[in-house]
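Visitor: Next comes the sequence, and after it the predicted model I'd like to discuss.
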Amino acid sequence: MSVLKVDNLSASYRKNKVLYDVNFDVKPGSLTGIVGPNGAGKSTLLKVMLELHPKLSGNVSFFGSTLAKTKTKVGYVPQRGSVDWDFPTNALDVVLMGLYGKIGWFKWPNKKDKDLAMQSLEKMGMADYADRQISQLSGGQQQRVFLARALVQNADLYFMDEPLVGVDAATETAIMATLKQLKADGKTVMVVHHDLLTVEDYFDHVMLLNKTIIDYGKTEDVFTKEQVQRTYGGSLRWMKEA
């Protein structure tokens, strides 16, 4: 069964169409990089699929059903810049928010919940910062906490919107190790990514997007000079050239 199936999806901002005729089918256990130029609709695609932005047309199914019926199987990490990091809360509480879909917004987390949150922080090397206010964390540390919040959900399908932007090399290495471990555990991960130089090292599948799907499939088949230049309008110098 497909973990995600998208048929004829389109969306707009005001009168500007930002996605059209988007079709793809994702099988379980893949790590996909979504790449394309600025304004290609990469972040919008995630938001439309997750019903955070309205669609004009099309259908999206998760595990053969609707998002409403499968929400506990889906995790989402938005762009770090879209989050109010001045909100007065600590790292542990941020991670616990990832469990609210299961324990309910009006119930206090119990010891088991807090233990799970601490385990997620530990996986991201942030256990020592559990009581630290999130505004006091560096950008890389904030991103690790946000990823820990997604991990604690124990989802089967993860969407991540540019998780590597603005982080240091050590954090990037830690995040990619986590994403590859998720794939090894049979999870499915889709990542909006900006650095073409690391696509082949980081992802086994790639989606080339410029308002519609240019190509999607295994990285060795899709990530070619011709297809990348087609995605970026033909003006991009191929990074493998001397």
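Guide: Okay, I see it. Numbers count the residues shown, from 1 in each chain.

Visitor: Could I get the buried residue list for stretch 205-212?
Guide: H205, V206, M207, L208, L209, N210, K211 (16 or more other CB atoms under 10 Å). C-beta coordinates here come from the backbone N, C-alpha and C atoms, glycine included.

Visitor: could those residues be laid out in CSV, adding distance to L9?
Guide: Formatted as CSV, the buried residues of stretch 205-212 follow (distance: CB to CB, whole Å):
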residue, distance to L9
H205, 18
V206, 19
M207, 13
L208, 16
L209, 11
N210, 15
K211, 11
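
Visitor: any chance of those in a markdown table, with pLDDT, secondary structure and distance to K111 too?
Guide: Listed next are the buried residues of stretch 205-212 as a markdown table, based on pLDDT from 0 to 100; DSSP: H, G, I helix; E, B strand; the rest coil; distance: CB to CB, whole Å:
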| residue | pLDDT | secondary structure | distance to K111 |
| --- | --- | --- | --- |
| H205 | 98 | strand | 39 |
| V206 | 98 | strand | 42 |
| M207 | 98 | strand | 41 |
| L208 | 97 | strand | 46 |
| L209 | 97 | strand | 43 |
| N210 | 96 | coil | 49 |
| K211 | 96 | coil | 48 |
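
Visitor: Give me the mean pLDDT for stretch 119-128.
Guide: Averaging pLDDT along stretch 119-128 gives 94.

Visitor: Which residues are in contact with the residue nearest the centre of the chain?
Guide: The centroid of the chain falls nearest to M160 when counting by CA atoms, centre = their mean (1.1 Å). By CB atoms under 8 Å, 6 or more residues apart in numbering, M160 lies in contact with Y76, V77, L147, A150, L179, V189, M190, V191, V192.

Visitor: what's the distance between V206 and S120?
Guide: Plainly put, V206 is 28 Å away from S120 if you go by CB to CB, to the nearest Å.

Visitor: Could you do D201 as well?
Guide: Taking CB to CB, one finds D201 at 25 Å from S120.

Visitor: Please apply the same query to I214.
Guide: To S120, I214 is 35 Å away according to CB to CB.

Visitor: Kindly report the same for E200.
Guide: 29 Å.

Visitor: Look at those two and report which has more neighbours.
Guide: Just comparing E200 and S120: by other CB atoms under 10 Å the higher neighbour count belongs to S120, 26 against 15.

Visitor: what about that one, which SS state?
Guide: Assigned with DSSP: H, G, I helix; E, B strand; the rest coil, S120 falls in the helix class.

Visitor: related to what we said a few turns ago, list just the nearest of the buried residues of stretch 205-212 to K218.
Guide: Closest approach to K218 among the buried residues of stretch 205-212 (CB to CB): H205, at 5.9 Å.

Visitor: The closest one is in contact with K218, isn't it?
Guide: Yes. Shown here, H205 and K218 form a contact pair, counting by CB atoms under 8 Å, at 5.9 Å.

Visitor: So the closest residue in space to V167 that isn't next to it in sequence versus M126, what's the distance?
Guide: Residue nearest to V167 in three dimensions, not counting chain neighbours: G140, with 4.2 Å by CB to CB, 6 or more residues apart in numbering. Distance of G140 to M126, given as CB to CB: 10 Å.
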